[in-house]
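Chemist: Sequence and predicted structure are below.
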Amino acid sequence: DAGITQSPRHKVTETGTPVTLRCHQTENHRYMYWYRQDPGHGLRLIHYSYGVKDTDKGEVSDGYSVSRSKTEDFLLTLESATSSQTSVYFCAISDPGRLNTEAFFGQGTRLTVV
Amino acid sequence: KNQVEQSPQSLIILEGKNCTLQCNYTVSPFSNLRWYKQDTGRGPVSLTIMTFSENTKSNGRYTATLDADTKQSSLHITASQLSDSASYICVVSLRLTGANNLFFGTGTRLTVIP
């Protein structure tokens, strides 16, 4: 398995509290992504990073922020969690510069906002 | 607009039967196309990856085809097994750096019944 780890794997939090999810990789891939997956919607991009301190928004970025201070770690923060952010969150890594590179996914974090 | 569409949304087949899943895309500039299998509660795992010059690629009972002219791909599953029950996701990559380069279909949910 590719070296990509998400933490925590499960979290229950209250509305209005801040939450940070962590994605850690040991593959030295340049790109890192955060997706959320909800029934009927497939994987939707929240934010992505194409290098240290280089990040950009995806299609569902409202209410989320990210940081990437080093190659290995990509943090997703919900500043003030809402019930609509209850979802399964997946981190992915890839390196477009490598021939035929594929994207590798973490095991997911199930977040419940009550 | 870069889009990836999959059909059918869901499929139920009897164990031992074959099936074919479809993926159409309008993504440019195209780099490669991948099929992923996602078991319930787990992250997607790559089955095949194809570049524009490849027409067919097999991985055991899974065979993917790509027609770069019509921008269509299919995933054929032979002699289905109960363990094939999962979601199958088509992902198309762009030849881009410094921007999001992964585009996802919403997946086909396959259920194999005894």
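Modeler: Alright, I've got the coordinates.

Chemist: contacts, neighbours, all on C-alpha from now
Modeler: Will do.

Chemist: Next, the buried residues of stretch A:102-114.
Modeler: A:Glu102, A:Ala103, A:Phe104, A:Phe105, A:Gly106, A:Gln107, A:Gly108, A:Thr109, A:Arg110, A:Leu111, A:Thr112, A:Val113 (16 or more other CA atoms under 10 Å in any protein chain shown).

Chemist: so how far is B:Tyr25 from the third one?
Modeler: Looking back up the chat, that one is A:Phe104. Separation of A:Phe104 from B:Tyr25 (CA to CA, to the nearest Å): 21 Å.

Chemist: Excluding residues flanking it in the chain, which one is nearest the residue nearest in space to the middle of chain A?
Modeler: Residue closest to the mean C-alpha point of chain A, counted by CA atoms, centre = their mean, is A:Trp34 at 2.6 Å. Leaving aside its sequence neighbours, A:Trp34 sits nearest to A:Cys91 (CA to CA, 6 or more residues apart in numbering or on different chains; 4.7 Å).

Chemist: Now that we're looking at B:Ala68, what pLDDT does it have?
Modeler: In the prediction, the pLDDT value recorded for B:Ala68 is 89.

Chemist: if I look at it, how far off is chain A?
Modeler: Taking CA to the nearest CA, to the nearest Å as the criterion, B:Ala68 is separated from chain A by 16 Å.

Chemist: Tell me who's in contact with that residue.
Modeler: With contact taken as CA atoms under 8 Å, 6 or more residues apart in numbering or on different chains, B:Ala68 is in contact with B:Phe52, B:Ser53.

Chemist: Kindly recompute the last result at 10 Å.
Modeler: With contacts defined as CA atoms under 10 Å, 6 or more residues apart in numbering or on different chains, the neighbours of B:Ala68 are B:Tyr25, B:Phe30, B:Asn32, B:Leu33, B:Thr51, B:Phe52, B:Ser53, B:Glu54, B:Asn55.

Chemist: Tell me the spacing between it and B:Cys19.
Modeler: From B:Ala68 across to B:Cys19, the span is 22 Å (CA to CA).

Chemist: do the same with A:Ser84
Modeler: 36 Å.

Chemist: for the chain, which spans come out with low pLDDT?
Modeler: Just going to use chain A. Low-confidence segments of chain A (pLDDT under 70): A:1-2, A:97-101.

Chemist: that's the wrong chain, I meant chain B
Modeler: Looking at chain B by pLDDT under 70, you get B:97-98.

Chemist: What residues does it have near chain A?
Modeler: Contact residues, chain B versus chain A (CA under 10 Å from any CA of the partner chain): B:9, B:31-34, B:36, B:41-46, B:48-51, B:87, B:89, B:91, B:93-108.

Chemist: if you set the cut-off to 7 Å instead, what comes out?
Modeler: Proximity of chain B to chain A, by CA under 7 Å from any CA of the partner chain, involves residues B:Arg42, B:Gly43, B:Pro44, B:Gly98, B:Phe104, B:Thr106, B:Gly107.

Chemist: Among these, the buried ones, what's the PyMOL command?
Modeler: In PyMOL, a selection of the buried entries from these looks like this (16+ other CA under 10 Å):
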select buried, chain B and resi 43+44+104+106+107
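
Chemist: Mind telling me what element the residue nearest to the centre of chain A is part of?
Modeler: Taking DSSP states H and E as the criterion, the element that holds A:Trp34 is strand A:31-38.

Chemist: Alpha carbons of that strand, as CSV, please.
Modeler: Taking Å, rounded to 0.1, in the frame of the first residue of the first chain, the C-alpha atoms of strand A:31-38 are listed here in CSV:
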residue,chain,number,x,y,z
TYR,A,31,0.3,16.9,-5.2
MET,A,32,-2.1,16.3,-2.3
TYR,A,33,-5.8,16.6,-2.3
TRP,A,34,-8.8,16.6,0.1
TYR,A,35,-12.1,15.3,-1.0
ARG,A,36,-15.4,14.7,0.6
GLN,A,37,-17.7,11.9,-0.3
ASP,A,38,-21.4,12.0,0.2
